[in-house]
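[1] got a sequence here, can you build the structure:
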Amino acid sequence: MPRRRFLLLVALVLAGAVASLIALTASLRSISQALPLESLHRQRDFAALLLDIHRLDRALSVAHLAPSPESLDGVRFAFDLVLLRVRDNTTLYPHDEAEVGAFHRRIEAELHRLEPLLADGAPPPGRALLAQHGAQWEQLRDEARAMTDQVFQDAVERAITQRDHLLALRLHLFAGITLVAVGALALLASLVRQQRAYAQLQSVGQEMRAMAFNDPLTGLANRRLLTDRLQQALAASGRNGQWGAVLFLDLDHFKTLNDTQGHDVGDQLLQQVARRLVEAARAGDTVARLGGDEFVVMLETLGASDAEAALHAEALAERVREQIARPYAIPRLAHGYHISPSIGVALFQGDAEPVDALLKQADMALYQAKDAGRNAIRFFNPAMQAAVEQRIQTETALRQAIAAHELQLHYQPQVDAQGRVVGAEALLRWQPPQGPLVLPAGFIDVAEDSGLIAPIGRWVLETACAQLRAWGTQAHTRHLQLSVNVSARQFRQPDFEPQVRQMLEHAGVPAGQLKIELTESVVLGDVADTKHKMQALRAHGVDFSLDDFGTGYASLTYLKQLPFTQIKIDRSFVTDIGRDESDEAICATIISLGRSLGLEVVAEGVETPVQRDFLCTRHRCGLMQGYLFGAAMPPEAFDQMLQAQAA
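    Numbers count the residues shown, from 1 in each chain. All right, here's what the predicted structure looks like:
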């Protein structure tokens, strides 16, 4: 009896083990059958067909917008790619679903309709006909995108099926362990095989994700991932109000390298270009390859205004252009290979424009760059492109102007209550060799942003000290005091204070004849540093004037803390004297305040006798300047004016 029980137990164990082995074998077979490799290949081939249809659609759009033999050649090239891809897919999947087969036949029919227009010797098609075909191919492109998504969904469903089989296998193994204790070793072996199958599933899942969202050659984001991130960026831009940009670029004459050296060399170059794009981009930017030699860089949070975003996008596009233009080390080429990019830039803010429209705008800008001679950067917005170019031209011209000594100082007289000239304000002017005189409003902002304000400011101070020295040699000018405007960037330089003392000593003029004008923006940055520098220069004898008084928010605090000797009433208050009682009250208050604090008061922008009488006669303003007493003029004219008054 025990033997019979033992044999029965052994039989049960063996039966359980066999059943477990059978279940395991069946599950593994199901997993193997469910592996979505074929589906992944189909997804890849349909994605390639979508790319070729998109290329043909874009080529038709270009030919429609700018008909030319070159654009028709582009249509023919894209036509051939679509034709080859359709034939390949038809050969690889002859028994595919009815919907897919019908779609292939539709593409072949549309190709048949388009082929006579592209035949050698055929007359150039009209723009209306190109637009008609473009609309058809745009519809086919959308259908191909939907079908590609369906193929991708099939691959995902295959993976889910495999997961379900794997879960069923796990249940069988756990049941076998519970029912067949003696078969633990067999179950353990099954568990090992299960883990291997699970690892295989993970590997296939990672491969599937990489094929779905990354370019296989470069590892960059592909069009699907780029589209997803662009949609997220547009939504985020609409929420936070920040501008972003899309850089669309391709490599100039890349086809020549492919044709002469082979696709393997071209692939090596594309991989190196991809690495350089990633290095040039900021952390968080998306770098994608759309196919061939076309790349896209998506930039976010470039600024709260389109002008600021354009400047940042221009700087990064220039960095990309310089990175790509560096020589490449390719083994099959004896010397470093050089290639340049053409870059189109499209700005975005909010989600008003769809992703496809944004990419098309950047693509159009890319073709503008190619039309400009390649190796260039162009913005989609012509007005913004012109603004960026104008700023760059101004900066370049300003650098040349500094080297060519085209900058000048003009002097506007400052008069006392009796109308006597007691000083002047030095005002910067730029006189190009050809062209009218340029006022500071035309270049100071560019000088500030580019850092050129520092050398310009140093030159202004040196020239002012030299002028004081020249005035000191003449009886009718040696009493004059000269006011000089100093920018925040120049004043913040660590060596500003010793620089001023050195200039005064070198010119040999009394420090009290130099007056430095500061605006409130200069003081706002670091009050302690400002106070230290001002006190050091005041101890040396230099005077300070608070310019544009009354336009800031904390001028009274600064008057109390800082050693100013003069305040200047902003011209915006002086202009409406005689017409606006509020401005008259403000001017009278400032004059009274300055007198109470022992500060000299200067009124700017005095242009009429009414303004002069109100300031000087009624309220005893100490000094005035404006067109009523003389405009800013070159030093020779200023000297002649003083000589005429002395006579």
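[2] quick one: contacts of stretch 548-566?
    515, 519-520, 523, 527, 530-531, 534-535, 538, 543-546, 567-570, 572-573, 586, 590, 597, 599-602 (Cβ atoms under 8 Å, 6 or more residues apart in numbering). Every residue, glycine included, has its C-beta placed from N, CA and C.
[3] at 7 Å what do you get?
    Stretch 548-566 is contacted from outside by 515, 519-520, 523, 527, 530-531, 534-535, 538, 543-546, 567-570, 573, 586, 590, 597, 599-600, 602, using Cβ atoms under 7 Å, 6 or more residues apart in numbering.
[4] stretch 109-127 too?
    64, 67, 72, 75-76, 79, 82-83, 129, 133, 136-137, 140.
[5] can we see that at 10 Å?
    53, 56, 60, 63-69, 71-73, 75-77, 79-80, 82-83, 86, 129-134, 136-137, 139-140 (Cβ atoms under 10 Å, 6 or more residues apart in numbering).
[6] buried only: go through those residues for me.
    Listed as buried from these are 53, 56, 60, 63-64, 71-72, 75-76, 79, 82-83, 86, 130-131, 133-134, 136-137, 140; burial here means 16 or more other Cβ atoms under 10 Å.
[7] for stretch 523-530, how far is the first residue from the last?
    6 Å (Cα to Cα, to the nearest Å).
[8] just checking the distance from that stretch to the centre of its chain.
    The chain centre lies 32 Å from the centre of stretch 523-530; the measure is Cα atoms, centre = their mean, to the nearest Å.
[9] what do you get for stretch 572-581?
    Worked out by Cα atoms, centre = their mean, stretch 572-581 lies 44 Å from the chain centre.
[10] same check, this time on stretch 556-572
    Distance, centroid of stretch 556-572 to centroid of chain: 40 Å (Cα atoms, centre = their mean).
[11] output it as CSV, nothing but the C-alphas.
    Extracted in CSV, the C-alpha atoms of stretch 556-572 (Å, rounded to 0.1, in the frame of the first residue of the first chain):
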residue,chain,number,x,y,z
LEU,A,556,15.4,111.3,-2.4
THR,A,557,17.0,108.3,-0.6
TYR,A,558,20.0,108.5,-2.9
LEU,A,559,20.3,112.3,-2.4
LYS,A,560,20.6,111.7,1.3
GLN,A,561,23.1,108.8,1.1
LEU,A,562,25.3,109.8,-1.8
PRO,A,563,27.6,112.8,-2.3
PHE,A,564,25.8,114.5,-5.2
THR,A,565,26.5,118.2,-5.8
GLN,A,566,23.9,118.7,-8.5
ILE,A,567,20.5,117.5,-9.7
LYS,A,568,19.1,117.9,-13.2
ILE,A,569,15.4,118.4,-13.9
ASP,A,570,14.4,116.0,-16.6
ARG,A,571,13.4,117.6,-19.9
SER,A,572,10.0,115.8,-19.7
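[12] rewinding a little: among the buried ones among the contacts of stretch 109-127, which ones are in helices?
    Within those, residues falling in helices by DSSP state H are 53, 56, 60, 63-64, 71-72, 75-76, 79, 82-83, 86, 130-131, 133-134, 136-137, 140.
[13] surely residue 239 meets residue 350?
    Yes: here residue 239 reaches residue 350: they are 8.9 Å apart, a contact under Cβ atoms under 10 Å.
[14] and those two? Which one has more around it.
    residue 350 (15 against 9; other Cβ atoms under 10 Å).
[15] dihedrals phi and psi, that one?
    Phi and psi for residue 350, reported as degrees, to the nearest 10, are phi 80, psi 180.
[16] same question, residue 228
    phi -60, psi -50.
[17] run a quick neighbour tally on it.
    By other Cβ under 10 Å, neighbour count at residue 228 equals 14.
[18] and the gap between it and residue 441?
    Per Cβ to Cβ, to the nearest Å, residue 228 is found 46 Å from residue 441.
[19] related to what we said a few turns ago, just the contacts of stretch 548-566: which are in strands?
    515, 543, 544, 545, 546, 567, 568, 569, 600, 602 (DSSP state E).
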